[in-house]
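1. The following comprises the amino acid sequence and a computationally predicted model.
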Amino acid sequence: MTQSPDVPTSVRQLAADLAAPRPMRRGSVSIRSVKCHKPGCPCVERPEARHGPYVSLVRVVGGRTQSRWVAPDQVDVLRRQVEAGQLFRKQVEKFWEACEKWADAELDAPEAAPHEGAEKGGSRKRSRRRSSKRSKSS
């Protein structure tokens with residue numbers, strides 16, 4: 001982004017925050033324990049005996065749900081990445097809002113007002129398209 005004096009400080013700061021690289025992800029963390037339904041397995045009768053925990057990253061891509069299995073010892077890293085992605089989305093929204101306020105201020109500025117001396121209908125009419133000279137019956 002260029003360092004123009006016209007760019008509001010808030011917009012410049014938000015742009016700098018967005019430009020800071022960091023590992024992030026879209027989606028959510030899912031942790032599950034499951035029953036296997038094998039005869040004689042204690043997981044069927046006792047919830048504390050269920051298998052797991054199974055950790056996955058779940059997200060929607062192109063209208064379809066995708067899951068990626070992750071090792072249980074990586075849950076903290078995965079959660080930090082998802083939280084960083086959520087923070088990034090919030091920062092993008094704040095950036096949009098700041099840019100729209102800036103754009104509104106440009107529209108409301110006196111030099112953006114229409115000229116009072118402009119006359120209505122001052123531009124020339126466009127010529128109408130003419131049909132070809134060939135006969136329509138051929």
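-> It's in.

2. only C-alpha atoms for contact and neighbour calcs from this point on.
-> Will do.

3. Dead centre of this protein: give me the residue that sits there.
-> By CA atoms, centre = their mean, the chain has its centre lying nearest to R89, at 6.2 Å.

4. in what helix or strand does that one lie?
-> Assigned by DSSP states H and E, R89 falls within helix 75-108.

5. Could you give the average pLDDT over that helix?
-> Here helix 75-108 scores 92 as its mean pLDDT.

6. For it, list every residue counted as buried.
-> Under the neighbour-count criterion of 16 or more other CA atoms under 10 Å, helix 75-108 has 75, 78-79, 81-86, 88, 91-92, 94-95, 98-99, 102 buried.

7. what's the answer for stretch 45-56, then?
-> By 16+ other CA under 10 Å, the buried positions in stretch 45-56 come out as R50, V55, S56.

8. Which ones among those map onto strands?
-> Filtering the buried residues of stretch 45-56 for membership in strands, criterion DSSP state E, returns V55, S56.

9. and which of the buried residues of stretch 45-56 is nearest to P23?
-> Distance ranking of those against P23, using CA to CA, places S56 first at 17.3 Å.

10. Can you tell me the closest non-neighbouring residue to the closest one?
-> W69 (4.3 Å; CA to CA, 6 or more residues apart in numbering).

11. so who does that neighbour touch?
-> If you count contacts by CA atoms under 8 Å, 6 or more residues apart in numbering, W69 has them with Y54, V55, S56, L57.

12. which SS class is it?
-> Three-state assignment for W69 (DSSP: H, G, I helix; E, B strand; the rest coil): strand.

13. Sweet, I'm off.
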